[in-house]
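>>> structure of the sequence below:
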Amino acid sequence: MTTDTNLVDLTHLSPISPDETASLMIITGDQYLLRYREKQGAVAYKFISPAAVRAAFANERIDSTWLPPSARRWGMAKEGEWILLAHPPQRYAVTFTGKESNQVIQLQVPLPALAFIGYAQRYYVWAFPDSELRGETPLFAAPLPNVDANGAICFGNNPVPKASAQTIAEAWQIFLTAPFSNHSMNGKSQKYPDDVREQLLKLAERKRRRYPLDDLIPYRANANQAIEWVLRGIR
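Modelled structure (predicted):
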């Protein structure tokens with residue numbers, strides 16, 4: 001089915017730029033509009049069905065390249081690539097800034113399994129209790145400072161790459177190796193609700209190998225729901 005462009009108001013479209021030869025625009029949920037220059041330079045319009053768009057790109061290859069061993073999901077969305085990593089529970093060398101601005105403390109701390117997702121230049125992290133991350137796996141607040149209540153990571157002044165299969169490991173290392181401050185340190189521990197660093201300090205002093213799962217604070221979503229919220233930009 002085609003649509004007569006003479007019956008459609010096209011005045012709301014942005015003007016065609018001098019170097020534009022063609023562009024594909026979504027007009028409604030099931031109709032695309034192709035704007036292009038004819039050989040004589042005149043601007044022409046043609047409506048295209050979703051099936052025709054799919055057919056046009058059917059032969060285009062999409063290759064994620066080699067994914068990190070911890071990758072669980074990868075995809076493309078409106079703002080580009082997104083990728084989800086799942087790291088098992090383990091001990092990490094984590095650096096914290098002390099109460100004095102020039103004080104830096106490094107601890108060997110156990111952390112639970114962590115789900116780490118990057119989309120555009122936004123990154124999120126949550127804890128999970130299961131041995132494997134699945135769609136229905138319930139999520140918990142990551143027991144670390146610098147993570148907002150919705151799981152969004154604050155990197156401070158540290159530049160982070162745009163998320164992709166090639167850069168996600170780098171972003172993960174930036175998150176782990178940059179010093180954690182006193183930002184968003186509350187609401188991450190049942191035992192120390194005001195400052196999760198107190199819990200991490202105790203675990204490091206006692207050389208515990210596992211983070212106590214009963215200390216985790218439940219998040220409001222499972223893994224599938226959290227991914228959907230990230231891709232839709234819901235805070």
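>>> every contact and neighbour count from this point should use C-alpha atoms.
OK.
>>> secondary structure element for W172?
helix 168-177 (DSSP states H and E).
>>> for that helix, give the mean pLDDT please.
In this model, helix 168-177 has a mean pLDDT of 96.
>>> packing partners of that helix?
Packing partners of helix 168-177 (3 or more Cα pairs under 8 Å, 6 or more residues apart in numbering; DSSP states H and E): strand 90-97.
>>> and the next element down the chain from the strand it packs on?
Next helix or strand after strand 90-97 toward the C-terminus (DSSP H and E): strand 104-111.
>>> sort out which residues of that following strand are buried, please.
For strand 104-111, burial by neighbour count (16 or more other Cα atoms under 10 Å) applies to L107, Q108, V109, P110, L111.
>>> can you pull the contacts of the first one?
By Cα atoms under 8 Å, 6 or more residues apart in numbering, L107 lies in contact with Y92, A93, V94, T95, F96, L201, A204.
>>> filter these down to the buried ones, ChimeraX style.
Buried residues among these (16+ other Cα under 10 Å), as a ChimeraX selection:
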select :94,95,96,201,204
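>>> which SSE is the residue nearest the centre of the chain in?
Centroid-nearest residue in the chain: G118, 2.7 Å away (criterion: Cα atoms, centre = their mean). Using DSSP H and E, G118 falls within strand 113-119.
>>> ok, residues contacting that strand?
With Cα under 8 Å, 6+ apart as the test, strand 113-119 has contacts from 79-90, 123-131, 133, 142, 162-164, 168, 172, 230-231.
>>> now stretch 172-181
93-98, 104, 116, 144-146, 155, 158, 160.
>>> can you check stretch 130-137 too?
So stretch 130-137 is contacted by R72, A86, P88, A113, A115, F128, N222, A223, N224 (Cα under 8 Å, 6+ apart).
>>> what residues sit buried inside it?
Those would be L133, T137, for stretch 130-137 by 16+ other Cα under 10 Å.
>>> just the C-alpha atoms of that stretch, please, in PDB.
Extracted in PDB, the C-alpha atoms of stretch 130-137 (Å, rounded to 0.1, in the frame of the first residue of the first chain):
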ATOM      1  CA  ASP A 130      22.100 -16.300  41.400                       C
ATOM      2  CA  SER A 131      24.900 -18.400  39.900                       C
ATOM      3  CA  GLU A 132      23.800 -17.200  36.500                       C
ATOM      4  CA  LEU A 133      22.200 -14.000  35.300                       C
ATOM      5  CA  ARG A 134      18.900 -14.700  33.500                       C
ATOM      6  CA  GLY A 135      16.000 -12.500  32.500                       C
ATOM      7  CA  GLU A 136      13.900 -13.200  35.600                       C
ATOM      8  CA  THR A 137      16.900 -12.800  38.000                       C
END
